[in-house]
Structures are given as C-alpha cells and as structure tokens.
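# Predicted structure and sequence below. I'll ask about it afterward.
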Amino acid sequence: MAVWDKNTAWCFMSLLAAAVGIGVNYPGPVCGVKGSTVTLPCTFTPATVKDNGREVQIKVTRVVWCQNHLLCHLTTPSVYDSESRNNDPRYKYLGDKSSTCTLQISDLQEGDNATLRFRVEAKDGRGSFTGTNGVKVTVSGKSIIITASNKNGSILIITEGLG
C-alpha cells in the first residue's frame, strides 16, 4: 500500500470517529517526581449505532493503555490491558468500560517519560478506536515542596521526591 493510501485511510478513520461522536478526553501534560504517584484523569465517549430507530451504545470488550504508539492496537506493547493477567502493578486502571479511562501510575520511573494513549476495542469494529492525542507524562528526579494552608490558617508543608 502506498503512503498516500495509508494517509487516506487514516484520514477516513478519523473522520468516521468524529462523525459518530466517539473520542477520548485526556488531561493536559502531567509531571511527577520520580518515585511518586500520578493520576491521569480520562473519559471517553463510546460509539453508538442505530437499532430500531434508537441510539444504542456499542459494548466495549477491551481497554488498553500504551506508551509512544499512535494507534495502540494489535500487538502493540501496553502498560495496561484489560485482557491481560500480567499488567505491571504500578499501572492501575481506575476506569471502566463505559466512560471512564483514568489511569494511575505509582513509583514513577524515568521509563514513564512518554505519551500514553488509551484504546477502546469492541466486537463491532465501529466501536474500536484510539484517542490519538494522548497525554504526555514527564518524570523529574528533583524534589518538590508544596506549601498550603488549611481552614484554620495552619501551614502544611509536604516534601516529596529524591532530593
């Protein structure tokens, strides 16, 4: 297949996804300190089809998070796969298969510096898609200090990181 054909197919898939209202809403870039935990709040809109004149949501069968891959499908290595029993325990899926795709990463490591993307898969191919924008995660090895005050006016100082 020529490059032009691949680009045309990709463009068509993107337009089809937009036409049926499916998509993924990612947070802005996320930065965390090495060894800390970050949460990537995420929501998605599953595909719907007309069934006897009613809009019916296509049933999601699998959800996947992967690093640095545009489509995150087939044999792409993943950090979380709902069908795998071998997910890295540092990556905890806090979502579901209907609208929430939040991912929590604990004990951040330099290898977590990546763009992570979420993929939904369904038996009906019209319901399978990847949120191609993704969320950029940056890991810093420097300590941070957070200073805040509570309702009583007391000051709370939290230090985190390796220093």
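Everything's here; your move. Numbering: from 1, shown residues only.
# residue nearest the centroid of the chain?
F118 (3.8 Å; CA atoms, centre = their mean).
# Next up, the contacts around it.
24, 26, 42, 44, 63-65, 72, 101, 103, 130-131, 134 (CB atoms under 8 Å, 6 or more residues apart in numbering). Quick note: C-beta positions are derived from backbone N, CA and C, even for glycine.
# out of those, which are inside strands?
Per DSSP state E, strands hold the following members of the contacts of F118: V24, F44, V63, V64, W65, L103, T130.
# coming back round to it: so the residue nearest to the centre of the chain bridges to which residues?
W65 (DSSP bridges).
# please renumber so the chain begins at 10
Understood, numbering begins at 10; the last thing we discussed is F127.
# Pull the number of nearby residues for the nearest residue to L49 once chain neighbours are set aside.
Excluding the flanking residues, the one nearest L49 by CB to CB, 6 or more residues apart in numbering is L112, at 4.7 Å. For L112, the number of neighbouring residues by other CB atoms under 10 Å comes to 22.
# pretty sure L112 is touching T48, no?
Yes: applying CB atoms under 8 Å, one finds L112 in contact with T48, separated by 7.5 Å.
# got CSV for the contacts of F127, with pLDDT too?
Listed next are these as CSV, based on pLDDT from 0 to 100:
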residue, pLDDT
V33, 97
Y35, 97
C51, 98
F53, 97
V72, 97
V73, 97
W74, 98
C81, 90
C110, 98
L112, 98
T139, 96
G140, 96
G143, 97
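# from the ones in strands among the contacts of F127, which single one is nearest V65?
Nearest to V65 out of these is F53 (CB to CB; 17.0 Å).
# now this structure, which segments are flagged as low pLDDT?
Residue ranges of the chain with pLDDT under 70: 10-30, 152-158, 162-172.
# what's the distance between the nearest residue to S115 once chain neighbours are set aside and V88?
Closest residue in space to S115, ignoring its immediate chain neighbours: T46 at 4.3 Å, by CB to CB, 6+ apart. According to CB to CB, to the nearest Å, T46 stands 14 Å off from V88.
# next one: P50
P50 sits 16 Å away from V88, going by CB to CB.
# So if I had to pick from those two, which one is more boxed in?
V88 (19 against 16).
# Determine the number of other residues adjacent to S137.
Other residues close to S137 by other CB under 10 Å number 19.
# Can you name the residues that contact it?
Neighbouring residues of S137 by CB under 8 Å, 6+ apart: H82, R128, V129, E130, A131.
# one more time with 6 Å
Contacts for S137 were tallied using CB atoms under 6 Å, 6 or more residues apart in numbering; they are E130, A131.
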